[in-house]
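Chemist: Just to be clear, the model below is a prediction. Sequence and coordinates:
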Amino acid sequence: MGNIGVIVGSGLSRLQSSGEDYSPNIDITPYGPTSASLRQHELAGKHIVVLARHGQKHSIAPHEINYRANVWALKTADVNIVISLFTVGGIGNRYGPGVIVIPDQILDYTQNREHTFFQDHEPVTHIDFTYPFCEALRELLIHSSAEANVDVVKNGTYAATQGPRLETSAEVSKLARDGADIVGMTGMPEAALARELGLCYASIALVVNHAAGRGQGVVTGSEIENVYAQGADRLFNILVAAVPKAEQLGFELPDPIRPGSG
């Protein structure tokens, strides 16, 4: 049912806590259990499959998420288009709390995460990751945001850090020098795994706080919750505008690269 998947992070409880179980058999994969049961929803008259990245009770830390199981399960559920929702810290001046970003690049600072499906394959297999997000879906999200009267920043570089702790001020300064605009903990290896399975994957990121050293004082949970509460409806409205069109989306991703296999 449906070929559109939505991976929900910290919020949008209306999608996490409702809907029907997709199939209990999909929750256990060759890579172990998913973060939560896949849920089937109807949104804007279309069926979508929703997965809570951190679990139904938000109990799984970023470095403990079974990213391979999650992405594999979505593929098994006949999903081929994935919209991933993130909450992030803002680094650059354009990326203050409350801003919504459709990122176009990734910097990966994560460690010791199971980051590929290809590790036991022969011949050695690579993916082209020059453009880590599916551009056709990115453009659809940008156009859908305008249709929903939601202002977004149309590009930005997402830095994926290990977590679960937040970054130091010095680390954020390094990220800025490296070219990062926003920082989160779950974009990798999720995006790369989606590419390995041929999924058209893009994200919507809500900035919920200034990254360390970029605001006044320290980051607090109440600050993050307040900004998210104010931004959740705008995220939902983008989804409502995008989902009906995503079903007809045409896209082409680079083929895997297998040197020496010819």
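Modeler: Nice, I can see it.
Chemist: And the strands in this structure?
Modeler: For the chain, the strands defined by DSSP state E occupy 4-8, 20-21, 28-29, 32-33, 39-43, 46-52, 81-90, 100-101, 105-108, 157-160, 182-184, 200-210.
Chemist: Quick check: which ranges of the stretch 101-250 of the chain have low pLDDT?
Modeler: Counting by pLDDT under 70, the low-confidence segments of the stretch 101-250 of the chain come to 121-122.
Chemist: can you map out the helices along it?
Modeler: Under the criterion DSSP state H, counting those that start in this stretch, the stretch 101-250 of the chain contains helices at 135-147, 169-178, 190-196, 221-246.
Chemist: Export the strands of the chain to TSV and append columns for mean neighbour count.
Modeler: To be clear about C-beta, it is placed using only N, CA and C from the backbone, and glycine gets the same treatment. Compiled in TSV, the strands of the chain are given as follows (neighbours: other Cβ atoms under 10 Å):
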stretch	mean neighbour count
strand 4-8	25
strand 20-21	11
strand 28-29	15
strand 32-33	12
strand 39-43	18
strand 46-52	23
strand 81-90	25
strand 100-101	22
strand 105-108	18
strand 157-160	25
strand 182-184	27
strand 200-210	26
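Chemist: Throw the ones you listed into CSV and include distance to residue 247, thanks.
Modeler: Putting the strands of the chain into CSV (distance: least, Cβ to Cβ, whole Å) gives the following:
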stretch, distance to residue 247
strand 4-8, 6
strand 20-21, 19
strand 28-29, 25
strand 32-33, 29
strand 39-43, 11
strand 46-52, 6
strand 81-90, 8
strand 100-101, 23
strand 105-108, 26
strand 157-160, 26
strand 182-184, 27
strand 200-210, 12
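Chemist: Looking at these, spot the one closest to residue 221.
Modeler: Each of the strands of the chain has some distance to residue 221 by Cβ to Cβ; the shortest is strand 200-210, at 9.6 Å.
Chemist: list the contacts for the residue nearest in space to the middle of the chain?
Modeler: Of all residues in the chain, the one closest to the mean position by Cα atoms, centre = their mean is residue 84, 3.2 Å from it. Listed by Cβ atoms under 8 Å, 6 or more residues apart in numbering, the contact partners of residue 84 are 6-7, 9, 187, 190-191, 201-204.
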